[in-house]
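sequence first, predicted coordinates after that:
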Amino acid sequence: MCEVNALSMHSGAVILGGHSVWRDATFTLDSGSITAVLGPNGAGKSTLINVILGLVPLSEGSLEVLGSPPQRGNSRVGFLAQSRHADELSTLTGRDYVGLGFDGPRFGWGRDRAKHDVVQRALALTGTASFADRPLRTLSGGQRQRVALAHATVFRPELLLLDEPLAGLDLAAQAEIVDLINLIRDSTGAAVVVVAHDLNPLAPIVDQVLWIARRQVRSGSVEQVVNEEVLSELYGHPIEIIVTPRGRRVIVGLEEELAHPHPHGHDHSHEGAQHHVGEPHHEESL
């Protein structure tokens, strides 16, 4: 039997509020792969996540998620949302929060052995058992993010969608989350899609890149997409990429993105205000 791809989109396009978000998107993501989704604010990265989750329909083209059309509430798909500021005030413990991932629409149900075992397995996988009984508000940002990953992986999904999992974390915490993402992939075999504004922390584990800009989507390996020729074509003007002695990629030439961050309308998926690749400075890490 031939293996089903985690995701397969052909000629996909999204139009929201009369504005084209992106179009002609064709790509395939393999099972067990890690894909970074990059691009400026408003380009439509979170819209892509919402399409995969079945929350936003394609206006054109087709998409298969684990061999079937996208559907809401698919337990085979795990999701970590971009912003969870309420965690900083929540009286829920980490264990309670992970348990909500088990309950889903059955809120208040599931107080049985099955739930206990599933939650314990998720806590063990993410290394959060030692602080799982502390309120979320008492945890560090990195610890809360690890708990959020436990919540997203409670059913050991075959596809895991992570929207800005490194946002707001210091470099040490980012490195821990990147290692954990790789561990989850290796332990579960799940395909992982990571929306990010900086490729550098993810570069050691990424198999594929989706770059979204100016209503266009490019896909391929890091070498195939994150190069001067492709990015210059994508943005319509010369782009220079400098690789530092430590292997970090620095992009030069996206000053126009800073001055005009939304040249083709807004991303109606309400992406956060964090600075993305190429926007904040004349030279920016990838």
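Looks like it arrived, so ask away.

what's the burial count for Asp112?
A total of 8 residues lie near Asp112 under the criterion other C-beta atoms under 10 Å. C-beta coordinates here come from the backbone N, C-alpha and C atoms, glycine included.

give the contact list for it.
Asp112 sits next to no residue when contact means C-beta atoms under 8 Å, 6 or more residues apart in numbering.

could you check how far it is from Asp103?
11 Å (C-beta to C-beta, to the nearest Å).

cool, and Ala148?
Ala148 is 16 Å from Asp103, by C-beta to C-beta.

repeat that for Leu16.
31 Å.

more neighbours, these two?
Taking other C-beta under 10 Å, Leu16 and Asp103 do not tie; Leu16 has more neighbours (17 against 14).

tell me what the more buried one is bridged to.
For Leu16, the beta-bridge partners are His19 (DSSP bridges).

now it: how far from Asp170?
Leu16 is 35 Å from Asp170, where distance means C-beta to C-beta.

again with Leu66
35 Å.

between these two, tell me which one has more neighbours.
More crowded of Leu66 and Asp170, by other C-beta under 10 Å: Leu66, with 18 against 12.

the more buried one contacts Leu160, correct?
No: using C-beta atoms under 8 Å, Leu66 makes no contact with Leu160, being 11.7 Å away.

identify the contacts common to these two.
Joint contacts of Leu66 and Leu160 (C-beta under 8 Å, 6+ apart) are Val77.

how much space separates the closest residue to Ala43 other than its chain neighbours from Ile251?
Of all residues not flanking Ala43 in the chain, Ile212 sits nearest, at 4.3 Å (C-beta to C-beta, 6 or more residues apart in numbering). Note on Ile212: its distance to Ile251, by C-beta to C-beta, is 15 Å.

now Arg95
Distance from Arg95 to Ile251, by C-beta to C-beta: 42 Å.

any regions of the stretch 101-250 of the chain where pLDDT drops low?
104-111 (pLDDT under 70).

if you set the cut-off to 50 instead, what comes out?
Applying pLDDT under 50 to the stretch 101-250 of the chain flags the ranges 105-110.

that one: strands as residue ranges?
Here the stretch 101-250 of the chain has its strands, by DSSP state E, counting those that start in this stretch, at 159-163, 191-195, 208-213, 216-220, 240-243, 249-252.

nearest to Ser31, out of those strands?
Among the strands of the stretch 101-250 of the chain, the nearest to Ser31 by C-beta to C-beta is strand 191-195 (5.4 Å).

how far off strand 159-163 does that closest one point, in degrees?
10 degrees (axes from the mean of the first three to the mean of the last three C-alpha atoms, to 10 degrees).

what's strand 191-195 in contact with?
For strand 191-195, contacts defined as C-beta under 8 Å, 6+ apart pick out 6-7, 29-37, 45-46, 48-49, 52, 82, 158-165, 181, 184-185, 202, 206.

please redo it, this time with the cut-off set to 6 Å
The contact list for strand 191-195 (C-beta atoms under 6 Å, 6 or more residues apart in numbering) reads 6, 29, 31, 33-37, 45, 159-164, 181, 185.

how about stretch 112-132 as CSV, C-alpha atoms only?
Only the C-alpha atoms of stretch 112-132 are listed here, as CSV (Å, rounded to 0.1, in the frame of the first residue of the first chain):
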residue,chain,number,x,y,z
ASP,A,112,-11.4,7.9,33.7
ARG,A,113,-8.3,5.8,33.4
ALA,A,114,-8.0,6.4,29.7
LYS,A,115,-7.8,10.1,30.2
HIS,A,116,-5.2,9.7,32.9
ASP,A,117,-3.0,7.5,30.8
VAL,A,118,-3.3,9.7,27.7
VAL,A,119,-2.4,12.8,29.7
GLN,A,120,0.5,11.1,31.4
ARG,A,121,1.9,9.9,28.1
ALA,A,122,1.7,13.5,26.7
LEU,A,123,3.4,14.9,29.8
ALA,A,124,6.2,12.3,29.5
LEU,A,125,6.7,12.9,25.8
THR,A,126,7.2,16.7,26.4
GLY,A,127,9.1,16.4,29.6
THR,A,128,6.6,18.4,31.6
ALA,A,129,5.5,15.9,34.3
SER,A,130,7.8,17.5,36.9
PHE,A,131,5.9,20.8,36.8
ALA,A,132,2.5,19.7,35.5
